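J.: The sequence isn't on hand, but the structure is:
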């Protein structure tokens, strides 16, 4: 089992796939910073988004790593845009250098820690 962190819109989409990302007040700066973040297919090692024919979702490997890529003011804005910061215990995951991917059906425990960032 692995404990990971995900910022997720109430729709279930991650921050890069929801409209929330485009609505950030500093969207251009955020987009430029994350342009340096590799996609799962470009990770080392390469992460297989099609493994086992399942849907895989991206997450941060820790709160510390999330804080390296998303500023505290951006986290607050994401929360106002109906996102939640979740700590997840998962059993199916693939770990790269910059991120981790997981299956939602492998979530064994989920804790919403959004209030810590308001």
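T.: Thanks, I have the structure now. Everything numeric in this text was worked out from a predicted model, so none of it was measured. Numbers count the residues shown, from 1 in each chain.
J.: burial of residue 55, as a residue count?
T.: For residue 55, the neighbour count with other C-beta atoms under 10 Å is 11. Glycine gets a C-beta too; all of them are placed from N, C-alpha and C.
J.: those helices in this structure, which residues are they?
T.: Per DSSP state H, the chain carries helices over the ranges 27-34, 63-69, 72-80.
J.: so of these, which one's packed in deepest?
T.: Mean neighbour count (mean count of other C-beta atoms under 10 Å) peaks for helix 72-80 among the helices of the chain, with a mean of 16.
J.: list the buried ones in stretch 94-105?
T.: Using 16 or more other C-beta atoms under 10 Å as the test for burial, stretch 94-105 gives 94, 96, 98-104.
J.: pLDDT and distance to residue 59 added to the residues you listed, as JSON lines?
T.: Below are the buried residues of stretch 94-105 laid out as JSON lines (pLDDT from 0 to 100; distance: C-beta to C-beta, whole Å):
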{"residue": "94", "pLDDT": "97", "distance to residue 59": "11"}
{"residue": "96", "pLDDT": "94", "distance to residue 59": "11"}
{"residue": "98", "pLDDT": "90", "distance to residue 59": "11"}
{"residue": "99", "pLDDT": "93", "distance to residue 59": "7"}
{"residue": "100", "pLDDT": "96", "distance to residue 59": "5"}
{"residue": "101", "pLDDT": "97", "distance to residue 59": "7"}
{"residue": "102", "pLDDT": "98", "distance to residue 59": "6"}
{"residue": "103", "pLDDT": "98", "distance to residue 59": "11"}
{"residue": "104", "pLDDT": "97", "distance to residue 59": "11"}
